[in-house]
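Novice: One predicted model, sequence on top.
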Amino acid sequence: MLVLSLYRQLVIEQQNQVDKHLAAEMQRYQQLALTVNRRSFAAQIRAADPKTALIAWRNSVDMVGALTFLPENMPQLPETRDFPIFTGGPDKLHILTGGLVITRYGPVLIATRTDQLAALIEKFINAAFWAVAFTLGLTLALGYIFSKAILRRLVEYNRLSEQIEAGHYETRLPVSESQDEFDMLARQFNLVLDTLEQNLRAVRGVTDNIAHDLRTPLSHLRIGIELLSQKPTAELADATAELLEELDHCLGTFDAMLSLTRIEEGQQMLDLQPVSLQQICQDLFEMAEVIAESRDQVLKISLEDDIQVNGDKYLLFQALFNLVDNAIKYSPDGATISIIQQGKHIQISDNGPGIIDEDKERVFDRLVRLDPSRHYKGTGLGLSMVKAILSRHKATISLHDNNPGLLVSIHFK
Amino acid sequence: MTMRILLVEDDATTLKYVADGFTAQKYQVDSATDGQEGLTLAKHNQYDLLILDRMLPKLDGLTLLSALRTSGNKTPVLILSALSHVDERVKGLRAGGDDYMTKPFAFAELLVRAEKLAQRNVVEPAATDIEVGSLKMELLTRKVTLDDSELMLQPKEFQLLKYLMEHPNQVISRTLLFEAVWDYHFDPRTNVIDVHIAKLRRKFEELGHGELIETVRGAGYRLCKRH
């Protein structure tokens, strides 16, 4: 495009100059014809410098001037026409541009050589061709170099992904400083790998947990079943019931582990519906009251500004109930436990033993139980589940000192 | 008239356990071991209840259920599944199931649930009084008497006792009692039911009949009729 417009401009400029030049010559010869006689006119024409313009005049019989003939059908200046002439020189064919001017002594041909223009155009085209060729060459060369670099990175990516496929899930693609598209791709790929590795670790964690935490009750069961055949008939029913209880506990832990992983990894779809926080706290209170009562504990409730959140009613209730149940379970007889709901904020507090600062984060980890004697029955998954459920609901949970006791603070967005 | 149950289950052990249990209770049990056979049987016979495994060869339990419901069949369906997650339960109920139980389960609980579903089809005049031995419950006035002495019950205790009285001499699991009293489906892993039952039993003891509510270890509670 640029080359084309340059070319056009060049040609137009050249043509303008030719036109101007011819116009000046035309005036000169018209003036001359008016002022001098026929012979001097012929002499002037003969003496005209062919470099300025080629002049030809038919003097009654023969041609006077630079040309030996007058071409047919020449227009009157300022209109012009191109015509060819033959000369004896090395460039035999020339292209002239010219026109006739009518004077007192008849028509005079004024022409100028325009084959410089043709040469110029040719040069221009030549130059343009080389420029394009050079650019093309350079582009190809640079492209080759770049593609070599890109290819090298792709080969590297390929090698690394083969490594990942082989089980080295900690492998990451290199990210350079240049922040180009490949780095963006590598970074995204690394993020995917991070998530996958995390999930994998969670699954591995579950397997380890199952192995660790279910082995003990399962071995109890094995022993129990083995001993059943030696029991007197009267004790059989009780012994079987005991084993069934142990088995149910085992299954409960197993289920809790699976659900926890599914909730944590977001695989479990939530049954979303508008849930009133006030209603859920009220239900919580009703269900837990009797448990607290059985231990002479006081359960208090305070509700203020109801808020509806979009959530899974059952899961949310399960999480909150777990917290209240913990407060009741771990506080001594006669303690006071309160449920306070205020807008999007829910607090569950007790005046039991509380949790020391070092353990406040740790309690949310799987299978962490602060009660080393395992005096209280539990799976060690309760708080992990609470946290997983709440974070699926975009709610935050934090533990604080109630001086004395524990204060659990939950905030919905 | 005996109730007819169709049991679709591919696991032979479970099939036998459940079928034997229902036969012992004088139910008529038909069984199918894959989804295709189950659907054909369900479409061509009149059953009072369908017990459907979630994962079946040839035709998945939920697909069978959807096909059945699409054809206008309204037989109550109880889904049995080894998938215990809440979303599985939701899926099962959305596909047109009426109740859902996870494996492993106690036959006693399955029986209670099955009877409840099967009876839903039978239009009975709503009972206003329930009587178990010398225990009487007036549903309208919510008055409960034992040997003509009135028992003062909390609403939750009333609901628990009502459920037990509707199924006298049957072992009722904690899960069933929990569902009867609260509208939350989850394993509470808590002694909330035991605490309520303990309170209820204390009120019975005051009238000298604490033995009416029996604890069945590893299973649940039973209300005895013998009195």
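Specialist: Yep, that arrived. It should be emphasised that the depicted structure is a prediction, and the values quoted were computed from it without experimental measurement.
Novice: how many other residues sit next to A:Arg38?
Specialist: Counted with other Cβ atoms under 10 Å in any protein chain shown, residues neighbouring A:Arg38 total 13. In short, each C-beta sits where N, CA and C put it, glycine included.
Novice: Could you tell me which ranges of the stretch 201-350 of chain A sit under the pLDDT cut-off?
Specialist: A:206, A:209-210 (pLDDT under 70).
Novice: Would you map the helices across it?
Specialist: A:233-264, A:277-293, A:313-330 (DSSP state H, counting those that start in this stretch).
Novice: For those helices, give me CSV that also has distance to A:Asp357 and mean neighbour count.
Specialist: Output for those, formatted as CSV (distance: least, Cβ to Cβ, whole Å; neighbours: other Cβ atoms under 10 Å in any protein chain shown):
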stretch, distance to A:Asp357, mean neighbour count
helix A:233-264, 25, 17
helix A:277-293, 27, 20
helix A:313-330, 17, 23
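Novice: so can I have CSV of those helices showing distance to chain B?
Specialist: As requested, the helices of the stretch 201-350 of chain A are arranged in CSV below (distance: least, Cβ to the nearest Cβ, whole Å):
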stretch, distance to chain B
helix A:233-264, 3
helix A:277-293, 5
helix A:313-330, 5
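Novice: Contacts only, for A:His400.
Specialist: Going by Cβ atoms under 8 Å, 6 or more residues apart in numbering or on different chains, A:His400 touches A:406-409.
Novice: which SS class is it?
Specialist: For A:His400, the assignment made with DSSP: H, G, I helix; E, B strand; the rest coil gives strand.
Novice: and what of the one 10 residues further on?
Specialist: Following three-state DSSP, the label given to A:Ile410 is strand.
Novice: Counting neighbours, what do you get for B:Met55?
Specialist: Using other Cβ under 10 Å, B:Met55 has 14 other residues around it.
Novice: Would you mind giving the domain segments of the chain?
Specialist: By default, I'm working from chain A. For chain A, the structural domains run A:2-113, A:181-264, A:272-412, going by automatic domain parsing.
Novice: actually chain B
Specialist: With domains defined by automatic domain parsing, chain B comprises B:4-120, B:129-223.
Novice: Could you report the distance from B:Gln25 to B:Ala118?
Specialist: 11 Å (Cβ to Cβ, to the nearest Å).
Novice: My error: substitute B:Gln46 in the last question.
Specialist: 12 Å.
Novice: Of the two, which one has the most company?
Specialist: Higher neighbour count among B:Gln46 and B:Ala118: B:Ala118, with 19 against 9, using other Cβ under 10 Å.
Novice: Any idea which residue is closest to the centre of chain B?
Specialist: B:Arg113 (1.8 Å; Cα atoms, centre = their mean).
Novice: The spatially closest residue to that one that is not a sequence neighbour: how many residues sit nearby?
Specialist: Excluding the flanking residues, the one nearest B:Arg113 by Cβ to Cβ, 6 or more residues apart in numbering or on different chains is B:Asp99, at 5.3 Å. Using other Cβ under 10 Å, B:Asp99 is surrounded by 20 other residues.
Novice: Tell me who's in contact with B:Asp99.
Specialist: Residues in contact with B:Asp99 (Cβ under 8 Å, 6+ apart) are B:76-79, B:113, B:116-117.
Novice: What of A:Val101?
Specialist: Neighbour list for A:Val101: A:26, A:29-30, A:76-77, A:107-108, A:110 [criterion: Cβ under 8 Å, 6+ apart].
Novice: Among those residues, which lie within strands?
Specialist: Counted as lying in strands by DSSP state E, out of the contacts of A:Val101, are A:107-108, A:110.
Novice: Which of those ranks first by neighbour count?
Specialist: Counting neighbours by other Cβ under 10 Å, the top entry in those is A:Ile110, with 27 neighbours.
Novice: Setting aside sequence neighbours, what's the nearest residue to that residue?
Specialist: A:Glu25 (4.8 Å).
Novice: Tell me, how many residues neighbour that neighbour?
Specialist: Close neighbours of A:Glu25, defined as other Cβ under 10 Å, add up to 22.
Novice: Test my guess that it contacts A:Ile45.
Specialist: No - A:Glu25 lies out of contact with A:Ile45 (Cβ atoms under 8 Å); the separation is 11.3 Å.
Novice: what sits in contact with each of those two?
Specialist: Joint contacts of A:Glu25 and A:Ile45 (Cβ under 8 Å, 6+ apart) are A:Ile55.
Novice: ok, which stretches of chain B are strands?
Specialist: Going by DSSP E, chain B shows strands at B:4-8, B:28-32, B:49-53, B:77-81, B:99-102, B:129-132, B:135-138, B:143-146, B:149-151, B:171-172, B:213-216, B:220-223.
Novice: Most tightly packed of these?
Specialist: Each of the strands of chain B was scored by mean neighbour count; the highest is strand B:49-53, a mean of 27, by mean count of other Cβ atoms under 10 Å in any protein chain shown.
Novice: quick one: strands adjacent to that strand?
Specialist: With DSSP bridges as the test, strand B:49-53 is paired with strand B:4-8 (parallel), strand B:77-81 (parallel).
Novice: Same list, the domains of chain B, but as CSV with distance to A:Asn158 please.
Specialist: CSV is the format used below for the domains of chain B (distance: least, Cβ to Cβ, whole Å):
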stretch, distance to A:Asn158
domain B:4-120, 39
domain B:129-223, 48
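Novice: of these, which approaches A:Leu316 most closely?
Specialist: Nearest to A:Leu316 among these is domain B:129-223; the distance by Cβ to Cβ comes to 9.9 Å.
Novice: Can you give me the first-to-last residue distance of the closest one?
Specialist: 17 Å (Cα to Cα, to the nearest Å).
Novice: Also stretch A:287-302?
Specialist: Taking Cα to Cα as the criterion, the two ends of stretch A:287-302 lie 16 Å apart.
Novice: what do you get for stretch B:141-159?
Specialist: Start-to-end span of stretch B:141-159 (Cα to Cα) is 13 Å.
Novice: which bits of chain A sit near chain B?
Specialist: Counting by Cβ under 8 Å from any Cβ of the partner chain, chain A comes close to chain B at A:238, A:240-245, A:248, A:251-252, A:255, A:258-259, A:262, A:268-271, A:283, A:286-288, A:290-291, A:293-294, A:312-315, A:317-318, A:321, A:325, A:378-379, A:382.
Novice: Apply 7 Å and report the result again.
Specialist: Within chain A, the positions lying close to chain B (Cβ under 7 Å from any Cβ of the partner chain) are A:238, A:241-242, A:244-245, A:251-252, A:255, A:259, A:262, A:268-269, A:271, A:287, A:290-291, A:294, A:314-315, A:317-318, A:321, A:325.
Novice: nearest spatial neighbour of B:Phe105, skipping sequence neighbours?
Specialist: Closest residue to B:Phe105 apart from its sequence neighbours, by Cβ to Cβ, 6+ apart: B:Leu80 at 7.4 Å.
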